[in-house]
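A.B. asks: Let me see the structure of the following:
(chains A, B, C and D)
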Number of protein chains: 2
Amino acid sequence: MIEQNTDLRMIRTRKFIIDSFIQLLEKKDFNSITIKDITSGAMVNRATFYHHFVDKFDLLEKVIKKELTSNVLKELTNIEDFNDQMLKSVFISITKFHMSLSERCQRSFDDMSVNIESILKKELEGIFFQSLQKKYQDEDNEELRITATLLSWMIYSAAVDWRLHSEKSPEDYFEYAIVSFKKLVKN
Amino acid sequence: MIEQNTDLRMIRTRKFIIDSFIQLLEKKDFNSITIKDITSGAMVNRATFYHHFVDKFDLLEKVIKKELTSNVLKELTNIEDFNDQMLKSVFISITKFHMSLSERCQRSFDDMSVNIESILKKELEGIFFQSLQKKYQDEDNEELRITATLLSWMIYSAAVDWRLHSEKSPEDYFEYAIVSFKKLVKN
DNA sequence: CATAATCTGGTGCTTAAGCAACAAAACAGA
DNA sequence: TCTGTTTTGTTGCTTAAGCACCAGATTATG
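C.D. replies: You can find the predicted model right below:
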């Protein structure tokens, strides 16, 4: 594993591996994709894969993060103020992300869902933590961390529930959910 | 300049350079394409270009030969017997090749025509020489070489004339030309 | 016409990637 | 369950490709 770097060769092989992987996801399921499949598609030696990624899961993680930040969370890069509106836009982003991913990688989406979940929750936690830190500069970091963790799991669970059970629009669902939650779990 | 080799890196960069070049030919004219243009498109360092090709003309030559042999002259690979039918099929191949090339590389075709001409005539000469050698095993090689040269220029000139001036189909043109020629230049 | 900018072809050194070979793990199938 | 096959990670050595820099040729531009 070599760290990121500006050498043209590294940029190029990274790109090819990722492109090949994404292409494979569109027609095979994640579990049945081998490293050899990926590297053949990328026109790269199998050993070279391990110069860039620990394993298939590491690759998935990096791809997901990249997709997420470049396509979906770009409106959140300048971390928003922490409030209900911010939670809503994060929720919407995740649902969008799930939709586009499940559409592009039908075969693989279920395979990968547990991995995706843990990656995304970690990402969300980081986003919430920063946002909370900005708002509550004097609070103890541990409190912030705990809150960020709980929030990330809540929002993610909402996104999963929406995908599996809801007919509402993401926006409506979120409004409905937040009202319900606040009503039933009175602070 | 390194010779052909089975190393994956060499195969890959060759392919990328050639692909990039062909892509550029479709939108720019040959003369205005720089090595940097080619290597940028190929995601390859400029110096690497010179590991594979002497210059732009060398690249063109290799591309033309490759295209020619892989797409057009494939029916001639098992060298045919030397006769009028063989001349005709070579002629047709060249006209086809010119057509597809000028269609794909409108901007560049005129730019490159002198280069293409010399490459193709050399190729034709080789084809005719082999074919003659097969038919006239006892003749002096110099006689065969001279004949092959003359034939290659003749056929090529016919292809050029057809492209510039004729409304006939390549087949009709060839029949017409061969009859005319034989009539006017009685052996 | 001059001169700045770009392009060419080349060099020396460094580094990513290829290759082959390996043991261990995972899988498949009788 | 045993047994052969495939896949996975890893390693040592070799080589293609990257990079930076060069001088000379071409091409633009005022």
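A.B. asks: Report the central residue of chain A.
C.D. replies: In chain A, the C-alpha nearest the mean C-alpha coordinate belongs to residue A:120, at 3.5 Å (CA atoms, centre = their mean).
A.B. asks: Low-confidence ranges, chain A, go.
C.D. replies: A:74-75, A:77-79, A:187 (pLDDT under 70).
A.B. asks: Which strands and helices lie in contact with the longest helix anywhere in chain A?
C.D. replies: Secondary structure of chain A per DSSP state H: the longest helix is helix A:106-135. If contacts are counted by 3 or more CB pairs under 8 Å, 6 or more residues apart in numbering or on different chains; DSSP states H and E, helix A:106-135 sits against helix A:56-67, helix A:84-104, helix A:141-165. Using the backbone N, CA and C atoms, a C-beta is placed for each residue, glycine as well.
A.B. asks: which one of these lies closest to DNA strand C?
C.D. replies: helix A:56-67 (11.7 Å; CB to the nearest atom of the strand).
A.B. asks: is any part of the closest one close to DNA strand C?
C.D. replies: No. Using CB under 7 Å from any atom of the strand, helix A:56-67 stays clear of DNA strand C, coming no nearer than 11.7 Å.
A.B. asks: In that helix, which residues are buried?
C.D. replies: Buried residues in helix A:56-67, counted by 16 or more other CB atoms under 10 Å in any protein chain shown: A:56, A:59, A:60, A:61, A:62, A:63, A:64, A:67.
A.B. asks: Also stretch A:120-140?
C.D. replies: Buried residues in stretch A:120-140, counted by 16+ other CB under 10 Å: A:120, A:121, A:123, A:124, A:125, A:127, A:128, A:129, A:130, A:131, A:132, A:133.
A.B. asks: One more: stretch A:30-43?
C.D. replies: For stretch A:30-43, the neighbour count (16+ other CB under 10 Å) marks A:30, A:33, A:35, A:38, A:39, A:41, A:42, A:43 as buried.
A.B. asks: out of the residues you listed, which one sits closest to DNA strand D?
C.D. replies: Proximity of the buried residues of stretch A:30-43 to DNA strand D (CB to the nearest atom of the strand) peaks at residue A:35, which lies at 3.6 Å.
A.B. asks: any idea how chain A splits into domains?
C.D. replies: With domains defined by automatic domain parsing, chain A comprises A:8-53, A:60-184.
A.B. asks: Which one of those domains lies nearest to residue B:151?
C.D. replies: Closest approach to residue B:151 among the domains of chain A is made by domain A:8-53 (41.3 Å; CB to CB).
A.B. asks: if we can go back for a sec, the helices and strands packed on helix A:106-135: which one's closest to residue B:184?
C.D. replies: helix A:84-104 (67.0 Å).
A.B. asks: Can you give me the neighbour number for residue A:111?
C.D. replies: By the other CB atoms under 10 Å in any protein chain shown criterion, the neighbourhood of residue A:111 contains 18 residues.
A.B. asks: Tell me which residues touch the closest residue in space to it that isn't next to it in sequence, please.
C.D. replies: What sits nearest to residue A:111 in space, not counting adjacent residues and going by CB to CB, 6 or more residues apart in numbering or on different chains, is residue A:30, at 3.9 Å. Neighbouring residues of residue A:30 by CB atoms under 8 Å, 6 or more residues apart in numbering or on different chains: A:56, A:60, A:105, A:107, A:108, A:111, A:112.
A.B. asks: rerun at 10 Å
C.D. replies: A:21, A:24, A:56-57, A:60, A:105, A:107-113, A:115-116 (CB atoms under 10 Å, 6 or more residues apart in numbering or on different chains).
A.B. asks: one step back: would you turn the helices and strands packed on helix A:106-135 into a markdown table with distance to chain B?
C.D. replies: Formatted as a markdown table, the helices and strands packed on helix A:106-135 follow (distance: least, CB to the nearest CB, whole Å):
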| stretch | distance to chain B |
| --- | --- |
| helix A:56-67 | 18 |
| helix A:84-104 | 24 |
| helix A:141-165 | 37 |
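A.B. asks: what does chain A put close to DNA strand C?
C.D. replies: Counting by CB under 7 Å from any atom of the strand, chain A sits next to DNA strand C at A:2, A:5, A:7, A:9-10, A:12-13, A:43-45, A:47-48, A:51-52.
A.B. asks: go with 10 Å
C.D. replies: Applying CB under 10 Å from any atom of the strand, we find that chain A lies next to DNA strand C at A:2-3, A:5-17, A:31-32, A:39, A:42-52.
A.B. asks: Any of those residues buried? List them.
C.D. replies: For those, a burial check counting by 16+ other CB under 10 Å picks out A:12, A:13, A:14, A:16, A:17, A:39, A:42, A:43, A:44, A:48, A:49, A:52.
A.B. asks: filter the residues you listed down to the ones close to DNA strand D.
C.D. replies: Restricting those to those touching DNA strand D (CB under 10 Å from any atom of the strand) yields A:12, A:13, A:39, A:48, A:49.
A.B. asks: which one is residue A:149 nearest to, not counting chain neighbours?
C.D. replies: residue A:125 (5.5 Å).
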